[in-house]
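Participant: Need a 3D model of the sequence below.
(chains A and B)
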Number of protein chains: 2
Amino acid sequence: MPGHTFDEAIALDTTEAKGVLRGHTSPEWANMVGPFGGVTAAALLRAVQLQPDRIGEPVSLTVNFAAPVLDGAFDIVAKAVRTNRTNQHWVVELWQEGSVRTNATAVFGTRRDTWSETEQVWPSVPAPEDIAPTGLPEIVVWAGNYDMRYVEGAVPGQDSGPAESSTTTLWARDKQGRALDFPALTALSDIFYPRVYLRRGGMSPAGTISLTTYFHTDGDELAAAGGDFALCRARANRFSRGYFDQSAEIWSRSGELLATTHQLVYFKD
Amino acid sequence: MPGHTFDEAIALDTTEAKGVLRGHTSPEWANMVGPFGGVTAAALLRAVQLQPDRIGEPVSLTVNFAAPVLDGAFDIVAKAVRTNRTNQHWVVELWQEGSVRTNATAVFGTRRDTWSETEQVWPSVPAPEDIAPTGLPEIVVWAGNYDMRYVEGAVPGQDSGPAESSTTTLWARDKQGRALDFPALTALSDIFYPRVYLRRGGMSPAGTISLTTYFHTDGDELAAAGGDFALCRARANRFSRGYFDQSAEIWSRSGELLATTHQLVYFKD
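Facilitator: Below you'll find the model as predicted:
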């Protein structure tokens, strides 16, 4: 879709150097500091997709948020560490002002028919049409790009108090109707506000340090999900001395488990 | 403990090159092809621990198994990509015969007192003393280093047939009584045989591609777990067209969630 803000945010131009692509942050995808981590992760994945010697589709991605990404231009360097018969291992770095701001490893692979089964259980939830669209506070600019409908665990308000569970379940879709693809699915992996807000009943300093996404779908199945709502569910396992982890699932509306995704988050209080 | 096989398997010597350490595979930790992935991951983590400019303790580790590790010597190259005030980002590579065999990213950090809580539920299981020690088939040499007691989901025998659940829960401890530390906890992350065996009722070609571990403990808490049994539980989320994922928890016997760990696995049938 020409002019779509997500496509602009992950647009990458080739440069004279092999494997080096240039992009720039987008004001529409700003977080409170720097860009939304999900869109940075999406740009890193896209940098691999654009490599002429890339084989297959994404199966695994780990993104480490090493330093804040500054507003403006960035260079992404993608390097194939190993090419096997059915998969390929990539190392990717986002550079600004002479230092690595974000680094990633990715595995791409070709898929083939095997025994298949989804063991994770599809949550029984109301349809998105039966839930009022809300979202995140306006200060979180990027969230304005999504139509978010919380089934449970919406961001706490001033009088919410602590919640007993860190689980958030929401329907989310691109507001402009952009269809899901691998970069968009990568961005959805990071759509959850920090679980500590929910457990503590308010906002406090927190930020993702490392994000891992496992892709369970191929491009065709993903395309079938189109621009419809995806069901996103996250919960924490342990909060301990400044860090907590989160595990999440992203489902298509028709019940396909598109991705499982995990992250380690820094928090302060 | 002098002469302990695990310590020998992760022993690394300094070399003349900055950040480069030399190790060698151990026959006692062999898998069906090459070494046990868990001990390779442990050696990569240890390579960071040994760096003179390392700060803090491990909080996150992702290991990508790009190519088979050959029996014999290997070089591990560890590089600090970014040093922040309270954490440090590392990129680590295991080299043999001029190519990267395994690569990893790690985040180390300093911990400080914050609100803490474990949300994941401790499974109610019989004590290890009430379960017969079994293990894995003898062909899996490394497994002989552990005392394994399966609560559920032991490796299928010839007449087992497919299981409805991919969940395996086992008590595991080092047979020689070696105490848990971060490398040993890393190795435990990979103690589970492939979930597809359980669901399909038999062994078939399968191998871990990417392994991520989040550490929820500091060195003191970990030391308190000593050489006692740890409770390890894993389950798959989706098997689809040649790949499946697995999520797992490692608990100390006293009920501390020491680590959560996830992996993407290749399978053939």
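Participant: Going by C-alpha atoms from here, please, whenever you check contacts or count neighbours.
Facilitator: Noted.
Participant: Now do the helices in chain A.
Facilitator: Across chain A, reading from the start of the chain, the helices by DSSP state H fall at A:5-9, A:37-49, A:182-188, A:195-200, A:219-225.
Participant: could you dump those helices to a markdown table with mean neighbour count?
Facilitator: Below are the helices of chain A laid out as a markdown table (neighbours: other CA atoms under 10 Å in any protein chain shown):
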| stretch | mean neighbour count |
| --- | --- |
| helix A:5-9 | 18 |
| helix A:37-49 | 26 |
| helix A:182-188 | 23 |
| helix A:195-200 | 23 |
| helix A:219-225 | 15 |
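Participant: buried sites along stretch A:160-167?
Facilitator: When neighbours are counted by 16 or more other CA atoms under 10 Å in any protein chain shown, the buried residues of stretch A:160-167 are found to be A:166-167.
Participant: same deal with stretch A:86-99?
Facilitator: Buried residues in stretch A:86-99, counting neighbours by 16+ other CA under 10 Å, are found at A:87-96.
Participant: What mean pLDDT does stretch A:258-269 get?
Facilitator: Within the predicted structure, the mean pLDDT of stretch A:258-269 is 96.
Participant: I'd like to know how many residues surround the closest residue to residue A:60 other than its chain neighbours.
Facilitator: Counting by CA to CA, 6 or more residues apart in numbering or on different chains, residue A:214 is the residue found nearest to residue A:60 once chain neighbours are left out, at 4.6 Å. The number of residues packed near residue A:214 is 29, by other CA atoms under 10 Å in any protein chain shown.
Participant: just residue A:113 next, same as before
Facilitator: The local packing of residue A:113 (other CA under 10 Å) involves 10 other residues.
Participant: I'd assumed residue B:239 was in contact with it.
Facilitator: No - counting by CA atoms under 8 Å, residue A:113 does not reach residue B:239; the two are 10.9 Å apart.
Participant: before we move on, back to that, is the residue nearest to residue A:60 in a bridge, and if so with what?
Facilitator: Here residue A:214 shows beta-bridge partners residue A:60, residue A:260, assigned using DSSP bridges.
Participant: which residues touch it?
Facilitator: Residue A:214 makes contact with A:59-61, A:259-261, B:245, B:264, according to CA atoms under 8 Å, 6 or more residues apart in numbering or on different chains.
Participant: Quick check: the farthest pair among these?
Facilitator: Based on CA to CA, the longest span within these runs between A:61 and B:245 and measures 12.6 Å.
Participant: what does the stretch 51-200 of chain A put close to chain B?
Facilitator: Along the stretch 51-200 of chain A, the residues adjacent to chain B under the rule CA under 8 Å from any CA of the partner chain are A:60, A:62, A:64, A:66-67, A:81-82, A:84, A:88-89, A:100, A:105, A:111-120, A:165-166.
Participant: In strands, which of these fall?
Facilitator: The strands, defined by DSSP state E, take in A:60, A:62, A:64, A:81-82, A:88-89, A:100, A:105, A:117-118 from those.
Participant: returning to what we had before: same list, the helices of chain A, but as CSV with mean pLDDT please.
Facilitator: Supplementary listing: these in CSV, determined by pLDDT from 0 to 100:
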stretch, mean pLDDT
helix A:5-9, 96
helix A:37-49, 98
helix A:182-188, 98
helix A:195-200, 97
helix A:219-225, 94
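Participant: In JSON lines: those, plus distance to residue B:18.
Facilitator: Supplementary listing: those in JSON lines, determined by distance: least, CA to CA, whole Å:
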{"stretch": "helix A:5-9", "distance to residue B:18": "38"}
{"stretch": "helix A:37-49", "distance to residue B:18": "29"}
{"stretch": "helix A:182-188", "distance to residue B:18": "36"}
{"stretch": "helix A:195-200", "distance to residue B:18": "39"}
{"stretch": "helix A:219-225", "distance to residue B:18": "43"}
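Participant: Alright, calling it a day.
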